[in-house]
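Asks: sequence unavailable; structure follows:
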Ligand SMILES: Nc1ncnc2c1ncn2[C@@H]1O[C@H](COP(=O)(O)OP(=O)(O)OP(=O)(O)O)[C@@H](O)[C@H]1O
């Protein structure tokens, strides 16, 4: 197991081959975000101080392109604050946050960060309750600035197909004509994930996606995220350890504690780490 050590990609002579143009990394389109070194996000020595209290304390971590990273840690560890820094809601007191090699997130507004492709799902579902499931996905697609259509323009065949594929992925095909307000809590959460996917995010942040779900819904959410694995870059903050085990597989899990990375490794590695057991998982 290793704790996170982020090498500084910004001081290196990066090839910058993908900067500024339509880049791809494996199966990923990175739309002008330079991921030459294989990472979509670099947090380096981030501290956030609230009234003298360090919510984040010299936090460094990076997220690979196409990675599904789970972030765990006790209450107050700084998980939400970290998401707030990435999305521009909170500005760090010190440190840097880069999207790809060259986009400095700390210099951007929240709306600009959303526009460049960082999507965030909060704990509570926010869907358009009066609209059908299909319409929710359609509206989300039309709000994507990269799509050349207005709210009232007719969908192209390709756009319909994309919504159809997303409905299948979400297992909501049979519900497509249902008002979103009538869906179960879990179905609303999946629909909102689908709406974020319609915006084609390059990095998707999910804050406790299974909070309040039934066991069956939780398992289904795990299957959904596993379906997204390798197609999207995802950061998932979660307390439900069975769920984290389901989605982490052999990927990296990061344990935050007191605003820093306490441990990083596979789920099996962090689960057997004495320090993690001490502060979080219990004996
Ligand atoms: N705006 C704020 N002003 C003052 N203190 C804050 C503020 N936001 C967060 N904190 C404090 O910073 C610390 C980290 O909070 P944060 O919400 O990031 O933790 P967390 O890991 O997300 O916790 P949880 O698992 O309970 O959601 C906590 O001690 C919290 O009380």
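Replies: Arrived safely. Every value quoted in this text rests on a predicted model; they were computed, and no experiment measured them.

Asks: low-confidence stretches in this protein?
Replies: Across the chain, the stretches falling below the confidence threshold (pLDDT under 70) are 1-31, 145-152, 283.

Asks: point out the residues in it that sit beside the ligand.
Replies: Applying the criterion C-beta under 6 Å from any ligand atom, the portion of the chain that neighbours the ligand consists of 50-51, 53, 55, 73, 75-81. Heads up, the C-betas are built off the backbone N, CA and C, glycines and all.

Asks: could you list which of those residues belong to helices?
Replies: For the residues of the chain next to the ligand, the ones inside helices are 79-81, with DSSP state H as the criterion.

Asks: want to throw the residues you listed into TSV with neighbour count?
Replies: Output for these, formatted as TSV (neighbours: other C-beta atoms under 10 Å):
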residue	neighbour count
79	23
80	17
81	22
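
Asks: among these, which one sits closest to residue 191?
Replies: Of all those, residue 191 sits closest to residue 80, with 22.9 Å by C-beta to C-beta.

Asks: returning to that earlier point: show me which pair in the residues of the chain next to the ligand is furthest apart.
Replies: 51 and 73 (21.5 Å).

Asks: can you name the residues that contact residue 83?
Replies: Taking C-beta atoms under 8 Å, 6 or more residues apart in numbering as the definition of contact, the neighbours of residue 83 are 120, 205, 207, 235, 237.

Asks: go again using 6 Å as the cut-off
Replies: Contacts for residue 83 were tallied using C-beta atoms under 6 Å, 6 or more residues apart in numbering; they are residue 205.

Asks: which stretches of this structure form strands?
Replies: For the chain, applying DSSP state E gives strands covering 24-25, 28-29, 39-50, 53-64, 68-72, 94-99, 103-104, 118-121, 203-207, 233-237, 253-257, 260-265.

Asks: not counting its neighbours along the chain, what's nearest the residue most central in space within the chain?
Replies: Nearest to the mean C-alpha position of the chain, counting by C-alpha atoms, centre = their mean, stands residue 205 at 2.0 Å. The shortest distance from residue 205 to any non-neighbouring residue, by C-beta to C-beta, 6 or more residues apart in numbering, is to residue 120 (4.5 Å).

Asks: how about the helices in the stretch 151-283 of the chain?
Replies: Applying DSSP state H, counting those that start in this stretch to the stretch 151-283 of the chain gives helices spanning 157-170, 185-198, 215-228, 241-248, 267-271, 274-276.
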